[in-house]
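Asks: Here is a sequence with its predicted model. Questions after.
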Amino acid sequence: MNGRLMRELEELGGEIRPASLKKCDEIVIEQPGFSATIALWGGHLESFIPAGQEDLLFQSDNPGGEGRFGRRHFGVPVCWPWFGAHETQNDYPAHGLARYFRWEFIEVGRFKNGDVKIVIRLASEEHPLIEEMWPLAFELRQVFRFSSKGFRINFSSANLSDKPMPISEALHTYFHVSDNQTTEIHGLDQVSYVDKFDNGSQKLQQGVITPCDHMDRVYTSAPEVCEILDMGLQRKLVIHTEGSHSTVLWNPGAELAKQRTDMEDEDYRRFVCVEAANALSDAYVIPPGGIHQLKLKVKHKALVTA
């Protein structure tokens, strides 16, 4: 790895550590106000821990499948260039290709206000298997921005081919909660959604979402801001998105969690996925030479109760 890059990382209190995930390294940042970990396999933001708090992100202890396309449930996996199952190829992995290959660490530094900056990239030309499964050339980048207040991800996808590139996508964020039965999600009242656990029926959200249990919902034309209220941890997570027209909520619930081999039976109680996405009717096309940006900003606040 580039010596200059390593020195700059060390100056920020960071280091590269060996990790068990597909024998890939992790970038670890330790600051007085937070710690953060990025898994280079799949380009996952794996962990973000504000000082004195529990992790904002969930990590399952289950190692998942051993093969290249074996999934693990943690952090912020990237779903790209398709969300969910592939439309025509049944043997292709769920949720695209980006989460199943090693990303490259290319930049480290600080923004003008002092926030920590980490940049990673995934280029299709560097992975023959990607080119075999997805013939349109691309380059993906994630710019991570960290501070004591929270984190941001700017995910950009560039179409390097001479053909239109159809895309559905998500930042499949696993938020850590104390108990999904008492957690509340605010901000989606009166928004229509597709209920994938009810044969794709169209429904209208009525009020606050709680408990956050047994859900697979795609809220289309969703607002840019929603909030997770965690009574047990006494904190509120404010989620702001740009370039995202869908919000996906997912939690398998008790019965489905027990049927999965890549998840522990009680994991579902400790997370809720609130995903910045462009899915179903919100899928889009990147023109030849075009770039699309999907942005996620997460802030944590103390939960003030009456």
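Replies: Everything's here; your move.
Asks: Point out where the stretch 51-200 of the chain drops to low pLDDT.
Replies: Scanning the stretch 51-200 of the chain for pLDDT under 70 picks out no residues.
Asks: Would you state the helices of it in chain order?
Replies: Assigned by DSSP state H, counting those that start in this stretch, the stretch 51-200 of the chain shows helices spanning 128-133.
Asks: Contacts made by the lengthiest strand in the chain with the rest, please.
Replies: The longest strand of the chain (DSSP state E) is strand 291-302. Identification of contacts with strand 291-302 by C-beta atoms under 8 Å, 6 or more residues apart in numbering yields 48, 50, 53, 56, 76, 149-159, 167, 169, 171, 173, 234-244, 276, 278, 284, 286. Just so you know, the C-beta spots here come from the backbone N, C-alpha and C atoms, and that holds for glycine as well.
Asks: Among the residues you listed, which lie within strands?
Replies: Filtering the contacts of strand 291-302 for membership in strands, criterion DSSP E, returns 48, 50, 150-159, 167, 169, 171, 235-242, 276, 278, 284, 286.
Asks: Buried ones among the residues you listed?
Replies: Buried subset of the ones in strands among the contacts of strand 291-302 (neighbour count, 16 or more other C-beta atoms under 10 Å): 48, 50, 150-159, 167, 169, 171, 235-241, 276, 278, 286.
Asks: how about the top helix by length along the chain as CSV, C-alpha atoms only?
Replies: The longest helix of the chain (DSSP state H) is helix 3-11. Output in CSV follows, covering the C-alpha atoms of helix 3-11 (Å, rounded to 0.1, in the frame of the first residue of the first chain):
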residue,chain,number,x,y,z
GLY,A,3,3.6,4.7,1.9
ARG,A,4,2.4,8.4,1.8
LEU,A,5,-1.2,7.2,2.3
MET,A,6,-0.2,5.1,5.3
ARG,A,7,1.6,8.0,6.9
GLU,A,8,-1.3,10.3,6.4
LEU,A,9,-3.6,7.7,7.9
GLU,A,10,-1.4,7.3,11.0
GLU,A,11,-1.4,11.1,11.4
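Asks: List the buried residues in that helix.
Replies: Across helix 3-11, burial judged by 16+ other C-beta under 10 Å covers L9.
Asks: packing partners for it?
Replies: Under the contact criterion of 3 or more C-beta pairs under 8 Å, 6 or more residues apart in numbering; DSSP states H and E, helix 3-11 touches strand 14-18, strand 104-110.
Asks: and H86, how far is that from K149?
Replies: 38 Å (C-beta to C-beta, to the nearest Å).
Asks: same question for the longest strand of the chain, mean pLDDT?
Replies: Confidence for strand 291-302, expressed as mean pLDDT, is 98.
Asks: Off-centre distance for it?
Replies: The chain centroid and the centroid of strand 291-302 are separated by 10 Å, computed with C-alpha atoms, centre = their mean, to the nearest Å.
Asks: Over to stretch 196-213?
Replies: 21 Å.
Asks: That stretch spans what distance, first to last residue?
Replies: Stretch 196-213 has an end-to-end distance of 14 Å (C-alpha to C-alpha, to the nearest Å).
Asks: now swap in stretch 54-71 and tell me
Replies: Span of stretch 54-71 from end to end, C-alpha to C-alpha: 24 Å.
Asks: How about stretch 102-120?
Replies: With C-alpha to C-alpha as the measure, stretch 102-120 spans 10 Å from end to end.
Asks: now stretch 14-24
Replies: 17 Å.
Asks: For it, what is the distance to the chain centroid?
Replies: Distance of stretch 14-24 from its chain centroid, counting by C-alpha atoms, centre = their mean, is 19 Å.
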